[in-house]
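Chemist: sequence and computational prediction follow.
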Amino acid sequence: MPVTTSPILVALDYHDLNSALQFVDRIDPSQCRLKVGKEMFTLFGPSLVKTLQGRGFDVFLDLKFHDIPNTTAHAVAAAADLGVWMVNVHASGGARMMNAAREALVPFGNDAPLLIAVTVLTSMDEDDLKGLGITLSPAEQAERLARLTRDCGLHGVVCSAQEAVHFKQVIGQDFALVTPGIRPAGSDAGDQRRIMTPQQAKLAGVDYMVIGRPITQSADPAATLQQILQSLQEA
Ligand SMILES: O=c1ccn([C@@H]2O[C@H](COP(=O)(O)O)[C@@H](O)[C@H]2O)c(=O)[nH]1
């Protein structure tokens, strides 16, 4: 049985462990899953993941592995050993890397985490891609990488909610879409470029919406999470 059916993945991007745990202690694993990214994993390592799991939360380990196939496969297997619910790689690591990552999870059977791939970061726009020599739009480049990810047999992709309606149509309804760049109306976009509100994302058909600063930097993170959950029920 899943711990929760909530689509919200809270990006637990704190540099201070006490602040992170104060927030976690005020919320319930039925309300959301937690995403541990590069900042907190670098600071606090696997023990943070164990602490969150010990409090009943599913953990998405968002380390976006991007390396040679052998290294990526071993890193993904190490994440599976930690018992995380979801782990990810960069699709731009290519098909051999993604296939190696998928194969590394076979020995874990039904206990394997969901394996997804990042397409085009939600902080990137057309100009950022041009700077990399990519002349496709972010949506076109993301679609190319999402198709490659699907063909490698991964569970889904990280993309923008702006791409969700089209991806569900052309890539498949069961292919999971995990969308950062979620901003409740009126909140600061910050460094994000391809954004949508939680309600828009729900209507676009995203499976999981990643929300960080609008929650973690609010005066009352637990209350803000409740408000977002409420707004989704009204969508
Ligand atoms: O394309 C991507 C991939 C990952 N992220 C991560 O999601 C959160 C977003 O946090 P906000 O504070 O809501 O912007 C953050 O941990 C990123 O590393 C992303 O934003 N875009």
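Modeler: Received, thanks.
Chemist: okay, and Leu34 sits in which element?
Modeler: Using DSSP states H and E, Leu34 maps to strand 33-36.
Chemist: so which other helices or strands are in contact with that strand?
Modeler: strand 8-11, helix 38-54, strand 59-65 (3 or more CB pairs under 8 Å, 6 or more residues apart in numbering; DSSP states H and E). Every C-beta, even on glycine, is put in place using the N, C-alpha and C of the backbone.
Chemist: partners of it in the sheet?
Modeler: If you go by DSSP bridges, strand 33-36 pairs up with strand 8-11 (parallel), strand 59-65 (parallel).
Chemist: picking that back up, got CSV for the helices and strands packed on strand 33-36, with mean neighbour count too?
Modeler: Listed next are the helices and strands packed on strand 33-36 as CSV, based on neighbours: other CB atoms under 10 Å:
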stretch, mean neighbour count
strand 8-11, 24
helix 38-54, 15
strand 59-65, 22
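Chemist: which residue does this structure bring closest to the ligand?
Modeler: Using CB to the nearest ligand atom, the point where the chain gets nearest to the ligand is Gly212, with a distance of 2.6 Å.
Chemist: OK, contacts around that residue?
Modeler: Val10, Ala11, Leu12, Asp13, Lys35, Pro180 (CB atoms under 8 Å, 6 or more residues apart in numbering).
Chemist: how about the nearest residue to the last one, chain neighbours excluded?
Modeler: Leaving aside its sequence neighbours, Pro180 sits nearest to Val210 (CB to CB, 6 or more residues apart in numbering; 3.9 Å).
Chemist: sheet-wise, list the partners of the helix or strand containing that neighbour with their directions.
Modeler: Using DSSP H and E, Val210 sits in strand 208-211. With DSSP bridges as the test, strand 208-211 is paired with strand 8-11 (parallel), strand 176-179 (parallel).
Chemist: what's it in contact with?
Modeler: Taking CB under 8 Å, 6+ apart as the rule, strand 208-211 contacts 7-11, 33, 35, 158, 161, 176-182, 198, 201-202, 228.
Chemist: show me which of these neighbour the ligand.
Modeler: Ala11, Val158, Pro180, Gly181 (CB under 6 Å from any ligand atom).
Chemist: mind putting those in a markdown table, secondary structure included?
Modeler: Formatted as a markdown table, those follow (DSSP: H, G, I helix; E, B strand; the rest coil):
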| residue | secondary structure |
| --- | --- |
| Ala11 | strand |
| Val158 | strand |
| Pro180 | coil |
| Gly181 | coil |
